[in-house]
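Chemist: Using only what follows, build the 3D model:
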Amino acid sequence: MTWQLFQLLVTAAGLTVFISAVSIMIALVLGTIVSVVTLSPKPAFALAGRTYISFFRGVPLLVQLLLIYNLLPVMGIDLPGIVAAIIGLSLCTAAFQAENLRGAFASLPRGLVEAAEMAGFSAAQILRRVRVPIAFRLALPALANEAIFTLRASSLVSVVGVVELTRTAQDLASSTFLPLQLFAAAGLLYLLLSWTIAALGHVMERRMRWGRV
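Modeler: Numbering: from 1, shown residues only. Okay, the predicted model is just below:
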């Protein structure tokens, strides 16, 4: 395999990183909201949160991407494939992140919340300044694993017309007849990116240990 082919794969990997990073950030925000809604004392809200999680965890991501890509035009919304890909990845990943955070919220020490209540914090302040930060600390390893899953799952977005790393390797393999070298190189790039996410997760975990600023 030539250096020029590898450069094409690296360029495609940049698009993969962009799609994954944006999807992960959106999913963290949405997943936090869904997890809080799921734990709501109001049955209707809790049911809505559980329904969202059940649907997006139960339906394969490939089917979700195809549904979103084909449903939006029917609704009169014409979006580029990359936007549909980010929407699909974000919605799916948010369901898994919400479940990770729900478990973290449920395991929060009750004494911390009670102390915040005694200090005069409102429910919104307790959520923003106590429950969410601590839940993120507790769920960080699971959140990092889910980020790696999102990176790998981004290989499916080619079904909506996005030429990311896997699709680029397929196209180059069909034109150069070097499938082994190209897919090995693509696999190496995915591995390096996964290692990077795992390393960042370990760094954040060390920084967010109890008792450290």
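
Chemist: Pull the number of nearby residues for Gln64.
Modeler: When neighbours are counted by other C-beta atoms under 10 Å, Gln64 registers 19. The C-beta positions use only the backbone N, C-alpha and C, and glycine is treated the same way.

Chemist: One more: the one 5 residues further on?
Modeler: Burial of Tyr69, expressed as a neighbour count using other C-beta under 10 Å, amounts to 20.

Chemist: cool, and the one 4 residues further on?
Modeler: The tally of other residues near Pro73 (other C-beta under 10 Å) stands at 11.

Chemist: Flag the shaky bits of this protein, pLDDT-wise.
Modeler: 1, 209-213 (pLDDT under 70).

Chemist: Past the longest helix seen in it, which element shows up next along the chain?
Modeler: What stands out as the longest helix in the chain, according to DSSP state H, is helix 3-38. Downstream of helix 3-38, the next assigned helix or strand under DSSP states H and E is helix 43-58.

Chemist: tell me which strands and helices that next one is in contact with?
Modeler: If you count contacts as 3 or more C-beta pairs under 8 Å, 6 or more residues apart in numbering; DSSP states H and E, helix 43-58 packs onto helix 3-38, helix 81-106.

Chemist: Same list (the ones you listed) but as CSV, adding mean neighbour count.
Modeler: Shown next, in CSV, are the helices and strands packed on helix 43-58 (neighbours: other C-beta atoms under 10 Å):
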stretch, mean neighbour count
helix 3-38, 18
helix 81-106, 22
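
Chemist: Could you measure from the closest residue in space to Met208 that isn't next to it in sequence over to Phe96?
Modeler: Leaving aside its chain neighbours, Met208 sits nearest to Arg137 (4.8 Å; criterion: C-beta to C-beta, 6 or more residues apart in numbering). Distance from Arg137 to Phe96, counting by C-beta to C-beta, to the nearest Å: 18 Å.

Chemist: ok, so what distance separates the spatially most central residue of the chain from Ala85?
Modeler: In the chain, the residue lying closest to the centroid (C-alpha atoms, centre = their mean) is Ile24, at 3.5 Å. Between Ile24 and Ala85 the computed distance is 13 Å (C-beta to C-beta).
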